[in-house]
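1. Have a look; sequence and predicted model below, questions after that.
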Amino acid sequence: MTLKLYYHPLSSFCHKAIIALYENGTPFEPVLVNLGDEESSRELRRLWPLAKFPVLRDDARACTVAEATTIIEYLDIYYPGAARLLPADAQIAWQARMWDRFYDNYIHIQMQKIVGDHLRPVGAGDALGVAQAKTTIRTAYGMIDAMMADKNWAMGEAYGLVDCAASPSLFYASLAVPFDPALRHLRAYFERLIARPSYARVLREAEPYFDMFPMSVKPALASARESQ
């Protein structure tokens, strides 16, 4: 197999990369990594000493590609499929990159701060940091609701990079910061995202591991099943 993806099924950033692979049916070998096990993580640490996933290894081109966004762009260039995930039009492409960073910085990473706080020892929590992260997420939710008032996908009618980023960030963020019922465009967009076959498959494959996650995923999974 030319492509290997080093990943973990619970990782939201791994979800983002896997969605892109599934969207175009790109053949790859999934390599599940347990960072707490030296043998399991040895190869990942050799390829990428920071030991952060996802990491894509392309043996045919002798390339190691880290970071979910970069992996998606790499696939678009060297393993293109029927679906172009980064718009060819430069005017739309820069906007797609901006909104991709928006989801990563203002939802994805903020969500990870909240999840990380759940994993801290008793008495070592960061209540202020969690409150700030939730405020940022709520502000971002409002922006998404306005953005999605008149279109199906983030950049229009074509599913792409931004939607890959939005899917796991909104799925996990909704567990910590539920959507305001008044944000009906956000909610409708989320339902389209989790009903998308590529992400529905990612969620099915992750489900056996969700008991390891520090928050209940049942509400979001129930919504996902209703949308399919």
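-> That came through fine.

2. Could you list the low-confidence segments of this structure?
-> With pLDDT under 70 as the threshold, the chain has low-confidence stretches at 1, 119-121, 124, 214-228.

3. What ranges does it have for its strands?
-> For the chain, the strands identified by DSSP state E occupy 3-7, 29-32, 55-58, 63-66, in order along the chain.

4. Of these, which is nearest residue 167?
-> Of all those, the one in closest proximity to residue 167, counting by CB to CB, is strand 3-7 (15.2 Å). Just so you know, the C-beta spots here come from the backbone N, C-alpha and C atoms, and that holds for glycine as well.

5. who's in contact with that closest one?
-> Outside strand 3-7, the residues within contact range by CB atoms under 8 Å, 6 or more residues apart in numbering are 14, 17-18, 21, 26-33, 43-44, 47-48, 53-59, 71, 79.

6. In its sheet, which strands sit next to it, and in what direction?
-> Strand 3-7 has the following strand partners under DSSP bridges: strand 29-32 (parallel), strand 55-58 (antiparallel).

7. What is the burial count for residue 74?
-> The local packing of residue 74 (other CB atoms under 10 Å) involves 19 other residues.

8. which ones are touching it?
-> When contacts are counted by CB under 8 Å, 6+ apart, residue 74 touches 56, 58, 63, 65.

9. now it: how far from residue 60?
-> As judged by CB to CB, to the nearest Å, residue 74 and residue 60 stand 12 Å apart.

10. just to revisit the earlier point, can you say which of the strands paired with strand 3-7 is nearest to residue 118?
-> Nearest to residue 118 among the strands paired with strand 3-7 is strand 29-32 (23.0 Å), distances taken as CB to CB.

11. how's the protein carved up into domains?
-> 3-78, 90-227 (automatic domain parsing).

12. My understanding was that residue 133 contacts residue 108; is that so?
-> No: taking contacts as CB atoms under 8 Å, residue 133 lies outside contact range of residue 108: 10.9 Å.

13. Give the intersection of the neighbour lists for these two.
-> Overlap between the neighbourhoods of residue 133 and residue 108 is empty, taking contacts as CB under 8 Å, 6+ apart.

14. residues near residue 60, how many?
-> When neighbours are counted by other CB under 10 Å, residue 60 registers 10.

15. and it, what does it touch?
-> Taking CB under 8 Å, 6+ apart as the definition, contacts of residue 60 comprise residue 2.

16. Quick check: phi and psi on it?
-> Phi and psi for residue 60, reported as degrees, to the nearest 10, are phi -60, psi -30.
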